[in-house]
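Here is the input, now give the coordinates:
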Amino acid sequence: MALLYRFAQVPDRGGTRVFSFVVTRSVVRDPERDVTSKELVCGFQRWAVAFSRGDK
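Numbers count the residues shown, from 1 in each chain. This next block holds a predicted model:
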């Protein structure tokens with residue numbers, strides 16, 4: 001599972017937002033497992049982040 005850990009809004013012209021996620025140990029140890037975060041709302045849109053290993 002990927003958990004939203006921190007959200008920060010950068011005081012710039014573009015309104016940049018930075019999201020930090022924590023990926024649980026069970027996902028990191030299992031090379032065959034991909035993970036998707038829970039849905040979150042930002043900027044009046046729904047988002048979900050997927051993490052996938054590129055060396056499969």
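
and Leu40, what does it touch?
Contacts for Leu40 (CB atoms under 8 Å, 6 or more residues apart in numbering) come out as 4, 19, 46-48. (Glycine included, C-beta is placed from N, CA and C.)

Among those residues, which one lies nearest to Glu32?
Using CB to CB, Ala48 comes nearest to Glu32 of these, at 20.4 Å.

Local confidence estimate at the closest one?
With respect to pLDDT, Ala48 scores 86.

okay, now it: neighbour count?
Residues near Ala48, counting by other CB atoms under 10 Å, number 10.

repeat for Leu4
When neighbours are counted by other CB under 10 Å, Leu4 registers 14.

Next up, the contacts around it.
19-21, 37-38, 40.

how does it look with 10 Å?
Residues in contact with Leu4, defined by CB atoms under 10 Å, 6 or more residues apart in numbering, are 19-22, 37-38, 40, 47, 49.

and stretch 19-37, average pLDDT?
On average, stretch 19-37 scores 80.

Tell me which residues of it come out buried.
Judged by neighbour count (16 or more other CB atoms under 10 Å), stretch 19-37 contains these buried residues: 35, 37.

Check the offset of that stretch from the chain's centre.
Mean C-alpha position of stretch 19-37 versus that of the full chain (CA atoms, centre = their mean, to the nearest Å) differs by 10 Å.

Identify the residues contacting it?
Contacts to stretch 19-37, defined as CB under 10 Å, 6+ apart, come from residues 1-8, 40, 42, 47-53, 55-56.

can you dump the C-alpha coordinates of that stretch into CSV?
The C-alpha trace of stretch 19-37 is given here as CSV (Å, rounded to 0.1, in the frame of the first residue of the first chain):
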residue,chain,number,x,y,z
PHE,A,19,3.0,14.9,-2.4
SER,A,20,5.1,12.4,-0.4
PHE,A,21,4.1,8.8,-0.2
VAL,A,22,5.2,6.0,2.1
VAL,A,23,5.3,2.6,0.5
THR,A,24,4.9,-0.2,3.0
ARG,A,25,7.5,-2.8,3.6
SER,A,26,5.5,-5.7,2.2
VAL,A,27,5.4,-4.0,-1.2
VAL,A,28,9.1,-3.2,-1.2
ARG,A,29,10.0,-6.8,-0.4
ASP,A,30,7.8,-8.4,-3.0
PRO,A,31,9.3,-7.8,-6.5
GLU,A,32,6.1,-8.9,-8.3
ARG,A,33,3.8,-6.5,-6.6
ASP,A,34,2.6,-3.2,-7.9
VAL,A,35,0.8,-0.8,-5.7
THR,A,36,-1.8,2.0,-6.0
SER,A,37,-2.6,4.7,-3.5
